[in-house]
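In: Just a sequence and a predicted model for now, questions to come.
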Amino acid sequence: MTDAPYIRPDMKAFIDALAAMGGPTMAEMTLEEARASYIALHGMADRPARDLAVIRDLSCPGPAGDIPLRLYDAREMRQPGPVVMFFHGGGFVIGDLNTHHALCTELAALLDLPVVAVHYARAPEAPFPAAILDCEAGARWVAGSPEALGRAATGIVTIGDSAGGNAAVVVSQLLGADPAAVPVVLQVPIFPLVADAEGSGSMAAFSEGFLLTADTMGFFDAAYGADRSDPRGFPILADHSTAPPTIVVTASLDPIRDSGRAYAKALVDAGRDCLFLEMRGVTHSFTNLRAAVPSTQADVERIVAAMTFMLGNPA
């Protein structure tokens, strides 16, 4: 008999409160209901957005039309420097610019860097690899459009949570193979799906009762339809010998935790710079639960501190 996994008191209180509310699972909802539920969860559980000098909606050309972007900056004007590309989570199905708005304001304020969030085309209307192609197009546009952006990028930082963590890795791989106007200087996949999680120990241990469930993962997988032999779907399949400096962040109670662990190991095995952070006692999506689970604010601040360190101490 194994011991029960450690769970923080505030995390347990939130999980218990969600269980008491009842209602259908995401896999039982219509697509519209699932998207509305995700917006409502983040609106209820996350801290309010910060006030910033610049919060501006933009767009850039994409393979299937204009791609909505949102620029966040704590400064009205700034000198050339790194620009952070943020790719939102939601299984490539349910997230948007608004679900991660508060988190993006937090990152821009704490990092003191411009953040550009990308609202990629979502499945099932636009299945794999449409989202990735939009994320890549957004990063290339930011890298090479200082006049339109109002900021000159000297390097790109790719970051995202969950599906967005997958995109952060894939975009850096694509820009490594076919360079943009400036390089990717850091990638930060947060509780990412980088390797297939089916059959993993973490999926078996946390498939129910820890926010993200195996059924929800199946719902996302069916809608997105990623090719399991294509590195754009599962980027652990790619060559990691030229990967940029990386911060891999996982949550100890996450069914896809082992995917992030496997990616960190692959980077270390390839001899690349990798800083690994596992936030203990919390679930998937902890970055957007900072009001309901107050201890997770410190987790976000740890991620930012690691990013500041890595950017200030390049290899």
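Out: Yep, it's here.
In: doesn't Arg290 make contact with Val300?
Out: Yes - using C-beta atoms under 8 Å, Val300 is in contact with Arg290, at 6.6 Å. C-beta coordinates here come from the backbone N, C-alpha and C atoms, glycine included.
In: what do these two both touch?
Out: Here Val300 and Arg290 share the contacting residues Glu106, scored by C-beta atoms under 8 Å, 6 or more residues apart in numbering.
In: The nearest residue to Thr242 once chain neighbours are set aside: which element?
Out: Closest residue to Thr242 apart from its sequence neighbours, by C-beta to C-beta, 6 or more residues apart in numbering: Gly176 at 5.4 Å. Gly176 belongs to helix 163-177 when assigned by DSSP states H and E.
In: quick check: angle from the helix or strand just after that helix to helix 163-177?
Out: Going down the chain from helix 163-177, the next helix or strand is strand 184-190, by DSSP H and E. With axes from the mean of the first three to the mean of the last three C-alpha atoms, to 10 degrees applied, the angle from strand 184-190 to helix 163-177 works out at 160 degrees.
In: same for the next helix-or-strand element following strand 184-190, what does it pack against?
Out: Heading C-terminal from strand 184-190, the first helix or strand you meet, by DSSP H and E, is helix 201-205. On a contact count with 3 or more C-beta pairs under 8 Å, 6 or more residues apart in numbering; DSSP states H and E, helix 201-205 meets helix 257-269.
In: helices or strands next to the helix it packs on in the packing?
Out: helix 201-205, strand 246-251, strand 274-279.
In: Extract the C-alpha trace of the helix or strand following the first one and format it as PDB.
Out: Meaning helix 201-205. Downstream of helix 201-205, the first helix or strand assigned by DSSP H and E is helix 214-224. What follows is helix 214-224, C-alpha atoms only, in PDB (Å, rounded to 0.1, in the frame of the first residue of the first chain):
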ATOM      1  CA  ALA A 214      -8.100  11.400 -18.000                       C
ATOM      2  CA  ASP A 215     -11.600  11.900 -19.500                       C
ATOM      3  CA  THR A 216     -10.800  15.600 -20.200                       C
ATOM      4  CA  MET A 217      -7.500  14.600 -21.800                       C
ATOM      5  CA  GLY A 218      -9.400  12.200 -24.000                       C
ATOM      6  CA  PHE A 219     -11.900  15.000 -24.900                       C
ATOM      7  CA  PHE A 220      -9.000  17.300 -26.000                       C
ATOM      8  CA  ASP A 221      -7.100  14.500 -27.800                       C
ATOM      9  CA  ALA A 222     -10.100  13.600 -29.900                       C
ATOM     10  CA  ALA A 223     -10.800  17.200 -30.800                       C
ATOM     11  CA  TYR A 224      -7.200  18.200 -31.600                       C
END
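In: which residues are in contact with helix 214-224?
Out: 25-27, 31, 34, 91-93, 123-124, 127-128, 131, 163, 197, 203, 207-208, 255-256.
In: Apply 7 Å and report the result again.
Out: 25-27, 91-93, 123-124, 127-128, 197, 203, 207, 255 (C-beta atoms under 7 Å, 6 or more residues apart in numbering).
In: Just flag the most distant two among those residues.
Out: Pro127 and Ser207 (24.2 Å; C-beta to C-beta).
In: The closest residue to Pro24 other than its chain neighbours in helix, strand or coil?
Out: Sequence neighbours aside, Glu33 is the residue nearest to Pro24 in space, at 7.7 Å (criterion: C-beta to C-beta, 6+ apart). Following DSSP: H, G, I helix; E, B strand; the rest coil, Glu33 is assigned to helix.
In: Return the per-residue confidence for Glu33.
Out: As predicted, Glu33 sits at a pLDDT of 96.
In: so how many other residues sit close to it?
Out: For Glu33, the neighbour count with other C-beta atoms under 10 Å is 14.
In: again with Ala148
Out: 12.
In: Over to Leu193?
Out: Using other C-beta under 10 Å: Leu193 sits among 30 other residues.
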